[in-house]
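Q: Sequence first, then the predicted structure:
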2 protein chains.
Amino acid sequence: MAANGSIRSSVKVQWEEEGEDEINDFRDLIQKGIRELEPSILDPRHEGTADDWIERNSSMVRHTGKHPFNSEPPINRLTHYGFITPVPLHFVRSRGAVPKATWNDWTVEVCGLVKRPTKFTMDQLSNEFGFREFPATIVCAGNRRKEQNTVKQTIGFNWGAAVVATSVWGGVPLRDVLNRCGIFSRKNGAVNVCFEGAEDLAGGGGCKYGTSIKVEFAMDPARDIILAYRQNGEELAADHGFPVRMIMPGFIGGKMVKWLKRIIVTTKESESYYYLMDNKVFPSHVDAELADKEGWWYKSEYVINEYNINSVITTPGHNEILPIMPCRTRSSYILRGYAYSGGGKKVTRVEVTMDGGEKWDMCMLDHPAKPNKFGKYWCWCLWSLEVEVSKLLNAKEIAVRAWDETNNTQPEKLIWNLMGLMNNCWFRVRTKICKPDKGETGIIFEHPTIPGNQSGGWMKNSASTPSINTASTASTTYSLSEVKKHNTRQSAWIIVHGHVYDCTQFIKHHPGGVDSILSHAGTDCTEVFDAIHSGKAKKMLENYRIGDVRGECESDGGGCPAEGEDGHVDGQEGEIESSVRG
Amino acid sequence: MAANGSIRSSVKVQWEEEGEDEINDFRDLIQKGIRELEPSILDPRHEGTADDWIERNSSMVRHTGKHPFNSEPPINRLTHYGFITPVPLHFVRSRGAVPKATWNDWTVEVCGLVKRPTKFTMDQLSNEFGFREFPATIVCAGNRRKEQNTVKQTIGFNWGAAVVATSVWGGVPLRDVLNRCGIFSRKNGAVNVCFEGAEDLAGGGGCKYGTSIKVEFAMDPARDIILAYRQNGEELAADHGFPVRMIMPGFIGGKMVKWLKRIIVTTKESESYYYLMDNKVFPSHVDAELADKEGWWYKSEYVINEYNINSVITTPGHNEILPIMPCRTRSSYILRGYAYSGGGKKVTRVEVTMDGGEKWDMCMLDHPAKPNKFGKYWCWCLWSLEVEVSKLLNAKEIAVRAWDETNNTQPEKLIWNLMGLMNNCWFRVRTKICKPDKGETGIIFEHPTIPGNQSGGWMKNSASTPSINTASTASTTYSLSEVKKHNTRQSAWIIVHGHVYDCTQFIKHHPGGVDSILSHAGTDCTEVFDAIHSGKAKKMLENYRIGDVRGECESDGGGCPAEGEDGHVDGQEGEIESSVRG
């Protein structure tokens, strides 16, 4: 293997120096976002939470109540800005309170199986290493999960189809940092690289958010894995990991630890609760019970890294109405959407069918980003298709599927999995004829689902209908004011569907964390409970039922709190609620 | 970017030295093949062809008549040997006569955009560079094409499901060779790397078989691209490229030029006829006519490199009968097959359904090969599933689908494309109850198709029924002996379906080459013509009809010659017969 050395040096000289500062290509798009977007605000909905100091865009669709902040933008706002997503509209996946960090005090420790364990300051990271900057699309593996939840409840909350965003990320290559510290050979045990965030989370009885990748991935120059401290040309936003986070293009968001504190080279995979119990795709027959019983969580072949091929129709939007002028059915309408594939694979084809898959029309693709020097495409592409309105009039359904350069495409039918991850069946928008105005005809478009707890969408939301056995028993009844008193760790009651539950004993086992129950203690949290818990969790809850509410029951409206004062990471996925794993 | 240099040298020292000679892991399997397999022979069927000096395994299923040699093994023989395929059973895709090469006289020229153009002897390649040896599965992109042909004729011949093989390949990394010659930077025009074989082929009016890849792929150390001169521990076989060929694991076979003579670093992609007019996957609506009319052949996004996810049921075989003893329906049967994915992605899951996709059973996977040092899996895996015979009795159809680590899976339905490439829909074996012996019951299994011109398989072979307009016209008739005289370049007649065609004027436009017509001139070549030509070609043929055969018509049996004294490459795909491209 002696020749490898000479290759590598030649490559450096002749071929690797060509990295360019790609942010220049996208500066205008970034500026457009900054110019047009309304300012972020201290949202009153976050008052009283640990994040009350963070300014956020108020249009974001919230998934887990007041806190922690898990959100996606309305899909039309996402796509309005096109290729580069303004930072305030970038989806957020956090497990707990955002750390209050300062650039000067922050360190990233590299330890484990390295010869020179080192704690790097941010100044060291930004001054002593090369800087790579490139656009990359980050996808939460839970993107489009609500479609899965409408078929059968997963153990995750209702992500829509806007859990994807593209930014220009800048930072230092992970390879450089590991080599500076002298990573051991695999023979000497260096098999995995683990990443750890800053916060103390409740999962697994208390741990950091953590994940790991194989050392082969970490060291592969083609993968462009960086410790990122710049997003769209600025310091990271608090919600996105300030001052530094991992960016692993082509991988699911759940790998990209925010508020990065430690990189540990190990033999074993990460032992974080959030690595073991999250970001896994099981076969459809594996439900929560079977997963525990048969040890599916511990099978490493179900760990997900690179995401699969996917595409979505963004225009027309849900409930958009296209008025039809009788004399103008020959006019045209432009369908639009996005498509992406994992692992750097270019999306080469996007097709739309309006007859259930018999015929497919080819869409125009826009790939604004260049591939990296190993030919990898890290970004989504935007597609469009001009169709005659008369064709839309005759279509019951518009469906899209994408193909990537490896000739993989999306499955026609939804394939359910326990965590509701990587859902990539054809995205279908249904059409109906309506009379919007003064008897004129129009076409109204219906998306499959609407994110979060919003109702609507053509997929029947049968699975989120509470499936709890509500057969009444002659039980004790409590008044609302009585329940309200039990709002402490010493006595925590909640109301769900008119029943009263004493969760005091369960608090410490709750994988979503102590605080997520305590913040609801004494109140009716029916809506948020239903939104993020599986059938199994609902059955478990019955063990804690102590009676029913007497009189009128208040239902917690929009922004009620939910799962987990615990953890973080954009796109890290799935809410897990079994005490077996607690 | 200065830091990259230090990374690379550190990597070499700490981390890259771990390459191992993996052939040792597979020596027993290789030996088993050598020990058990009957000797290859000088097959009488090849007498009189340019390849008559090559010993071959006589069980190989031939696709293009006597010559050139395009063949796959019977699928049960392929799988009998398990993980490593004996060389004589490795499918062969050749475009023309096999070059008679000697080790000592052979050179590989590296030229184009390099600083030090060099002609390397085989001794130089094998002595002056590092040696990499690893098992890799080679897949012809046409694997499973006959299923496509039964739905609608493609422009390719009838490959079955055994156009896949695994060998231990050894050679010198392409990166090393390119760096030795000093490859230019991309800024200075080095964008593509072209590969050229040795033979003079007829396509495009005469050219070499050639293809190209992006320089990013060529230089990516993770891709393990080598100039291979060892297969299963020995020199290459003549049919597989002796003395040297390209091996690009995870890519389709069509990229892996055999009898490698030149590597040219260029700005443009390969201009070989065989690059432009082959190995492309178009959308389903693109037929031969549209492809020409709209210039689809020149759209680079339809070039294929990495293959997609695929799996096949090999056991039970076609027409296998499983006798059913009434008292033993609780006994079990083991289903078996293979699965692979391109680009180094590990196959993580194989599932079998016996109820049309409602329920899926998980198969056991056997992955004998380790990933490379960047985590890439270059080999197929073998799967098995033990099922109760009673379950088989109730199943009408057994279907398999695989998943890879990026969570891509196979489409349920066949998606047709013009060249019939990358077919990867669920592989379905049908079952029927039969009475094999003395009234006892059995289950007979039926595969979708049988390779080549063999009839059988449950997919109705409607597309290969000649669709030529045979409406009789009051035409001239010729006797067989008259036709026989027209067997020269000056006058070349052929018989197809009882009609006589004068192809003299067409010979020079025939994309399959002059010789492939000449070798049939004066004969009835109905069978081979139908097997490898599309409907469009069949229509074109009508332009050359001069009359009908008088009296008895002889049909050319099994081993009749076919397309192309032209070109080569295992797995390089598709027969193209439009003169528009000639």
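A: Thanks, I have it.

Q: Could you confirm A:Val257 falls within a helix?
A: No - counting by DSSP: H, G, I helix; E, B strand; the rest coil, A:Val257 is not found in a helix; it is coil.

Q: so how far is chain B from it?
A: 19 Å (C-beta to the nearest C-beta, to the nearest Å). To be clear about C-beta, it is placed using only N, CA and C from the backbone, and glycine gets the same treatment.

Q: so what's that residue closest to, chain neighbours aside?
A: A:Phe195 (4.1 Å; C-beta to C-beta, 6 or more residues apart in numbering or on different chains).

Q: Touching, A:Asn423 and A:Gln148? I think so.
A: Yes - judged on C-beta atoms under 8 Å, A:Asn423 makes contact with A:Gln148 at a distance of 5.2 Å.

Q: For the stretch 301-450 of chain A, just list every one of the helices.
A: A:389-394 (DSSP state H, counting those that start in this stretch).

Q: Helices along chain A, start to end?
A: A:3-14, A:23-36, A:75-80, A:122-127, A:145-151, A:174-181, A:215-219, A:273-276, A:288-293, A:389-394, A:480-485, A:514-518, A:526-532, A:535-541 (DSSP state H).

Q: okay, those in CSV with distance to B:Ile264, mean neighbour count and mean pLDDT next?
A: As requested, the helices of chain A are exported to CSV (distance: least, C-beta to C-beta, whole Å; neighbours: other C-beta atoms under 10 Å in any protein chain shown; pLDDT from 0 to 100):
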stretch, distance to B:Ile264, mean neighbour count, mean pLDDT
helix A:3-14, 17, 19, 32
helix A:23-36, 31, 15, 89
helix A:75-80, 43, 20, 96
helix A:122-127, 42, 16, 98
helix A:145-151, 49, 25, 96
helix A:174-181, 31, 24, 97
helix A:215-219, 31, 24, 94
helix A:273-276, 47, 24, 94
helix A:288-293, 54, 17, 94
helix A:389-394, 47, 15, 91
helix A:480-485, 79, 15, 84
helix A:514-518, 63, 22, 75
helix A:526-532, 59, 22, 71
helix A:535-541, 61, 18, 75
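
Q: Pull up the distance across stretch A:250-258, start to finish.
A: Using C-alpha to C-alpha, to the nearest Å, the end-to-end distance of stretch A:250-258 comes out at 17 Å.

Q: shared neighbours of A:Asn423 and A:Gln148, anything?
A: Applying C-beta atoms under 8 Å, 6 or more residues apart in numbering or on different chains, one finds that A:Asn423 and A:Gln148 are jointly contacted by A:Leu414.

Q: Tell me what the residue nearest to A:Val257 is bridged to.
A: A:Thr211, A:Ile263 (DSSP bridges).

Q: I figured it was touching A:Ile263, is that so?
A: Yes - using C-beta under 8 Å, A:Phe195 makes contact with A:Ile263 at a distance of 5.8 Å.

Q: Looking only at neighbour counts, state which of these two leads.
A: Set A:Phe195 next to A:Ile263 and count neighbours by other C-beta atoms under 10 Å in any protein chain shown: A:Phe195 wins out with 30 against 26.

Q: ok, that one - contacts?
A: A:Phe195 touches A:Gly210, A:Thr211, A:Ser212, A:Met246, A:Lys255, A:Val257, A:Leu260, A:Arg262, A:Ile263, A:Ile264, A:Ser270, counting by C-beta under 8 Å, 6+ apart.

Q: And it, what's its pLDDT?
A: On the pLDDT scale, A:Phe195 is placed at 98.

Q: what about it, distance to chain B?
A: With C-beta to the nearest C-beta as the criterion, A:Phe195 and chain B are 17 Å apart.

Q: For A:Phe134, see how far away that residue is.
A: 20 Å (C-beta to C-beta, to the nearest Å).

Q: Mind splitting chain A into its structural domains?
A: A:310-446, A:477-581 (automatic domain parsing).

Q: Lowest mean pLDDT across these, which one is that?
A: The bottom spot among the domains of chain A, by mean pLDDT, belongs to domain A:477-581, with a mean of 65.

Q: which residues does A:Gly112 form a beta bridge with?
A: Here A:Gly112, judged by DSSP bridges, has bridge partners A:Val265.

Q: doesn't A:Cys194 make contact with it?
A: Yes - judged on C-beta under 8 Å, A:Gly112 makes contact with A:Cys194 at a distance of 7.4 Å.

Q: Return every residue with contacts to both of the two.
A: A:Ile263, A:Ile264, A:Val265, A:Thr266.

Q: In CSV: those, plus pLDDT.
A: Shown next, in CSV, are the shared contacts of A:Gly112 and A:Cys194 (pLDDT from 0 to 100):
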residue, pLDDT
A:Ile263, 98
A:Ile264, 98
A:Val265, 98
A:Thr266, 98
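
Q: from these, which is closest to chain B?
A: A:Val265 (11.2 Å; C-beta to the nearest C-beta).

Q: still on that earlier bit, looking at the shared contacts of A:Gly112 and A:Cys194, which has the most residues close by?
A: A:Ile263 (26 neighbours).

Q: As CSV, the helices of chain A with distance to B:Leu385 would be great.
A: Formatted as CSV, the helices of chain A follow (distance: least, C-beta to C-beta, whole Å):
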stretch, distance to B:Leu385
helix A:3-14, 42
helix A:23-36, 49
helix A:75-80, 41
helix A:122-127, 50
helix A:145-151, 26
helix A:174-181, 40
helix A:215-219, 30
helix A:273-276, 28
helix A:288-293, 18
helix A:389-394, 44
helix A:480-485, 53
helix A:514-518, 42
helix A:526-532, 36
helix A:535-541, 28
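
Q: so what's the closest residue to A:Met364 other than its chain neighbours up against?
A: Of all residues not flanking A:Met364 in the chain, A:Ser384 sits nearest, at 5.1 Å (C-beta to C-beta, 6+ apart). If you count contacts by C-beta under 8 Å, 6+ apart, A:Ser384 has them with A:Ile334, A:Leu335, A:Arg336, A:Cys363, A:Met364, A:Asp366.

Q: Can you check the distance spanned by stretch A:251-270, start to finish?
A: Stretch A:251-270: ends 17 Å apart by C-alpha to C-alpha.

Q: Tell me which residues of that stretch come out buried.
A: A:251-266, A:269-270 (16 or more other C-beta atoms under 10 Å in any protein chain shown).

Q: Double-check A:Cys140 against A:His90; I have them as touching.
A: No - counting by C-beta under 8 Å, A:Cys140 does not reach A:His90; the two are 10.7 Å apart.

Q: that older thread, nearest to chain B, of the contacts of A:Ser384?
A: A:Cys363 (10.7 Å).

Q: Next, count neighbours for the closest one.
A: 23.

Q: is it true that it touches A:Val352?
A: Yes - contact status for A:Cys363 versus A:Val352: in contact at 6.1 Å, counting by C-beta under 8 Å.

Q: Give me every residue in the stretch 101-250 of chain A lying close to chain B.
A: A:129-130, A:172-173, A:175-176, A:179-180, A:182-187, A:214-217, A:219-222 (C-beta under 8 Å from any C-beta of the partner chain).

Q: so who does A:Pro368 touch?
A: Contacts of A:Pro368 by C-beta under 8 Å, 6+ apart are A:Asp25, A:Phe26, A:Phe83, A:Pro135, A:Cys379.

Q: mind checking how far the third one is from A:Glu320?
A: Counting by C-beta to C-beta, the separation of A:Phe83 from A:Glu320 is 22 Å.

Q: Looking only at neighbour counts, state which of those two leads.
A: A:Phe83 (20 against 15).

Q: Please name the residues that touch that one.
A: Listed by C-beta under 8 Å, 6+ apart, the contact set of A:Phe83 reads A:Phe26, A:Leu29, A:Pro135, A:Thr166, A:Asp366, A:Pro368, A:Ala369, A:Cys379, A:Trp380, A:Leu382.

Q: Write a ChimeraX command that selects only the buried members of those.
A: Of the contacts of A:Phe83, the buried ones can be selected in ChimeraX as follows, counting by 16+ other C-beta under 10 Å:
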select /A:26,29,135,166,368,369,379,380,382
